[in-house]
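In: The following block contains a protein sequence and its predicted model.
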Amino acid sequence: MPAGQPYRVFGAAWTGESEVTRVEVSTDNGSSWQPAQLLEAAVPFAWRLWKFAWTPPSTPERYTLQARATDRAGRIQPSTHGPDCRNYMSNRIAAVEVVVQ
């Protein structure tokens, strides 16, 4: 992506037992988190769309983007996969690496 140019990061969040009340985005591999804008009204058991405006630094580099959701009960999406989940129910935060040029 072009350095120093505004970019829209967007996605969908879901929680199986409640409503998504917050989504946060990290552009530095989870060191800090910033609020994303939630779109549409919260609905139980439904996906919630979100967007985040990011202007990549002007320094060409690789950056790791992450997003995490919080539900109405205050449960935050985990950063690791629970060992008791084996190879199903993957609800951990996923990272996406982008190259800024």
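Out: Looks like it came in fine.

In: Please report the distance of the residue positioned nearest the centre of the chain from Ile93.
Out: With distances taken as Cα atoms, centre = their mean, the residue of the chain nearest its centroid is Ala67 (1.3 Å). From Ala67 over to Ile93 the distance is 7 Å, taken as Cβ to Cβ, to the nearest Å. The C-beta positions use only the backbone N, C-alpha and C, and glycine is treated the same way.

In: Repeat that for Pro78.
Out: Pro78 is 7 Å from Ile93, by Cβ to Cβ.

In: Counting neighbours, go ahead and name the busier of those two.
Out: Ile93 (17 against 11; other Cβ atoms under 10 Å).

In: Beta-bridge partners for the spatially closest residue to the residue nearest to the centre of the chain that is not a sequence neighbour, please?
Out: Spatial nearest neighbour of Ala67, excluding adjacent residues (Cβ to Cβ, 6 or more residues apart in numbering): Val25 at 5.0 Å. Per DSSP bridges, the residues bridged to Val25 are Gln34, Ala67.
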